[in-house]
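J.: Provided below for reference: sequence and predicted model.
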Amino acid sequence: MGKFISRCVCFLAIAMLSLVFLVGNSADVLAAYEGGDVSNGGAITGTVKFVGDVPAAKTLKVDKDQATCGHDDLQSEALILSGDSIQNAVVSITNISKGKKFGAGTPAIDQKGCVFRPHIAMIPQGGSIDLLNSDDVMHNLHSWSMKNTAFNEGVAAHGNISKTFEFPETVKVTCDVHKWMTSWLIVQENPYYAITDASGNYKLAGVPAGTYTVQAWQESLGKVTQEVTVAAGAEAKADFGLEKKEKERRKRKKH
Ligand SMILES: [Cu+2]
């Protein structure tokens, strides 16, 4: 009897703990980003620049399916610089729970001429992306995700697949058939996200007044953050500098 009671107590304790866990998780879900109308929103603008000695552009050898992919080397998109301005850096607010709505439409990345276009795409958390193949050759989509379910699938010539992403994450996608092909999917929990242009400029618009953590991330250089305060209807300025990671610098010194 004593054993039975202790088993019951044990079972009850586990059940209660599970309940606490579930309620805790649903509280997280409730605290998810809330999109709506923003009246008198402000903006955050600025530039992302490279700090240090500007490295030479790297090229990628195209050595397969050249009838479709071309014979010329491609410029690597791992770091696109114009002077010290960084193109394709992703600037985002990391701690906003309420603000404007996500844009409509499903994002897409195409594999065209054996290059992913665009190089970077944003997916709202819980949303899908269309992954297309406009080429006459087979490509493959290999996602290097940790939080979202990873995939590694062939996409037939002129075929397409769709994938859904449940968790905020920055996901590298490569093609195992053509090793020079790389793209990035940014799964965002909020729509405050911009990709820098060729001059390193970005703009986050429709931001409710408040103080936020703003992050600049670049695939080869990593990320930096800063606190930015936005006043209603006003434009706040935030410039970022990114430098080569310590590991990269050490590696360069060795050679
Ligand atoms: Cu490919």
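T.: Here it is on my side, so go on.
J.: show me where the stretch 51-200 of the chain has helices.
T.: 66-69 (DSSP state H, counting those that start in this stretch).
J.: tell me which parts of it are close to the ion?
T.: Remark: the part of the stretch 51-200 of the chain in contact with the ion comprises 139, 175, 177-178, 181, using CB under 5 Å from the ion. Any C-beta I mention is one placed from the backbone N, CA and C, and that applies to glycine too.
J.: check whether residue 237 really touches residue 45, as I assumed.
T.: Yes - using CB atoms under 8 Å, residue 237 is in contact with residue 45, at 6.1 Å.
J.: if we can go back for a sec, by neighbours, which of the residues of the stretch 51-200 of the chain next to the ion wins?
T.: residue 139 (27 neighbours; other CB atoms under 10 Å).
J.: quick revisit: want to throw the residues of the stretch 51-200 of the chain next to the ion into JSON lines with pLDDT and distance to residue 50?
T.: JSON lines is the format used below for these (pLDDT from 0 to 100; distance: CB to CB, whole Å):
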{"residue": "139", "pLDDT": "97", "distance to residue 50": "31"}
{"residue": "175", "pLDDT": "97", "distance to residue 50": "27"}
{"residue": "177", "pLDDT": "95", "distance to residue 50": "32"}
{"residue": "178", "pLDDT": "97", "distance to residue 50": "28"}
{"residue": "181", "pLDDT": "97", "distance to residue 50": "24"}
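J.: so can I have JSON lines of the residues you listed showing distance to residue 101?
T.: JSON lines is the format used below for these (distance: CB to CB, whole Å):
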{"residue": "139", "distance to residue 101": "33"}
{"residue": "175", "distance to residue 101": "33"}
{"residue": "177", "distance to residue 101": "38"}
{"residue": "178", "distance to residue 101": "37"}
{"residue": "181", "distance to residue 101": "33"}
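J.: hey, what's in contact with both of residue 237 and residue 45?
T.: Taking CB atoms under 8 Å, 6 or more residues apart in numbering as the criterion, residue 237 and residue 45 do not both touch any residue.
J.: those two: which has the busier surroundings?
T.: For residue 237 versus residue 45, neighbours defined as other CB under 10 Å are more numerous around residue 45 (16 against 10).
J.: tell me the secondary structure at that one.
T.: Using DSSP: H, G, I helix; E, B strand; the rest coil, the structure places residue 45 in strand.
J.: residues touching it, list them.
T.: 201-204, 235-238.
J.: please pick the buried ones from these.
T.: Among the contacts of residue 45, those scoring as buried are 202, 204, 236, 238 (criterion: 16 or more other CB atoms under 10 Å).
J.: got the domain ranges for this structure?
T.: For the chain, automatic domain parsing gives the domain ranges 1-31, 37-254.
J.: single out the most deeply packed of these.
T.: For the domains of the chain, the stretch with the most neighbours on average is domain 37-254, a mean of 17; neighbours defined as mean count of other CB atoms under 10 Å.
J.: which pLDDT does the model give residue 32?
T.: pLDDT for residue 32: 86.
J.: quick one on the thing from earlier: of the buried ones among the contacts of residue 45, just say which sits nearest to the ion.
T.: Taking CB to the ion as the measure, residue 202 is the one of the buried ones among the contacts of residue 45 closest to the ion, at 29.5 Å.
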